[in-house]
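Visitor: just to be clear, the model below is a prediction. Sequence and coordinates:
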Amino acid sequence: MIAPSDAGPLIWLGKCDLLHLLRKLYNEIAVPEAVYEEAVTRGLEEGFENAQIIKKAFKEGWIRVYKADKQFKDEVRREETRLGIKLGEGERETIALALEKRISIFLTNDEDAYLVGKILGLEPKGVLYVLLRGVKDGYLSKEKAKESLKRILEEGFWLSPTILHKFYETLDRI
């Protein structure tokens, strides 16, 4: 299974040294050019360690860059306009790739991208989903999932208390 992704999940999973989890969950991660630019090119320029981890995944070939078709980017833009929001280029192109490749799931942590994706009939998933699925599928211990979430929260990842509570409830049920 292929999963398009914007930069957020790659960056945050890279920060907690769990980018490899995506390789276990999906055959390929498809990213648009704008995501490569944000996660790797700019990340390296700014000296982010996780950019090296992400770049290595591209070299290994399980994360690949695709050019999003204008027709599908325009479809996403129309929805943005209708909703009165403006996505970043990476989020817009990621949703466009999912539409173009007829892949229902895409990875994002962006609330606006989540909303646009849902309206366009897609299933947006974020880092919390990846952590929970990693535990459920046996690739990650519950303790490692908790440690990883703690680390990304300390790095500035924001979650509402309600979502945080639901994450721990779900984790306990697995």
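Guide: Okay, I see it.

Visitor: please name the nearest non-neighbouring residue to Glu75.
Guide: Leu99 (6.4 Å; CB to CB, 6 or more residues apart in numbering). Bear in mind the C-beta positions are built from the backbone N, C-alpha and C, glycine included.

Visitor: and the helix or strand containing the one you found, what does it pack onto?
Guide: Using DSSP states H and E, the element containing Leu99 is helix 89-100. Packed against helix 89-100 by the contact rule (3 or more CB pairs under 8 Å, 6 or more residues apart in numbering; DSSP states H and E) you find strand 2-4, strand 28-32, helix 33-36, helix 70-83, strand 105-107, helix 111-119.

Visitor: what residues of the longest one count as buried?
Guide: Read it as helix 70-83. 72-73, 75-77, 79-80 (16 or more other CB atoms under 10 Å).

Visitor: equivalent analysis for stretch 144-162, please.
Guide: 144-145, 148-149, 152, 157, 159.

Visitor: do stretch 55-75 as well
Guide: Buried positions in stretch 55-75, judged by neighbour count with 16+ other CB under 10 Å: 55, 57-58, 63, 66, 68, 72-73, 75.

Visitor: now for those, which pair is the farthest apart?
Guide: Lys55 and Glu75 (30.5 Å; CB to CB).

Visitor: retrieve the pLDDT associated with the nearest residue to Val40 once chain neighbours are set aside.
Guide: Leaving aside its chain neighbours, Val40 sits nearest to Lys55 (4.9 Å; criterion: CB to CB, 6+ apart). At Lys55, the predicted lDDT confidence score is 96.

Visitor: how far off centre is the helix or strand Lys55 falls within?
Guide: Counting by DSSP H and E, the element that carries Lys55 is helix 49-60. Taking CA atoms, centre = their mean, to the nearest Å, one finds helix 49-60 lying 15 Å from the centre of the chain it belongs to.

Visitor: can you check stretch 102-113 too?
Guide: The answer for stretch 102-113 is 7 Å, by CA atoms, centre = their mean.

Visitor: now stretch 157-173
Guide: In terms of CA atoms, centre = their mean, the centre of stretch 157-173 is set 18 Å apart from its chain centre.
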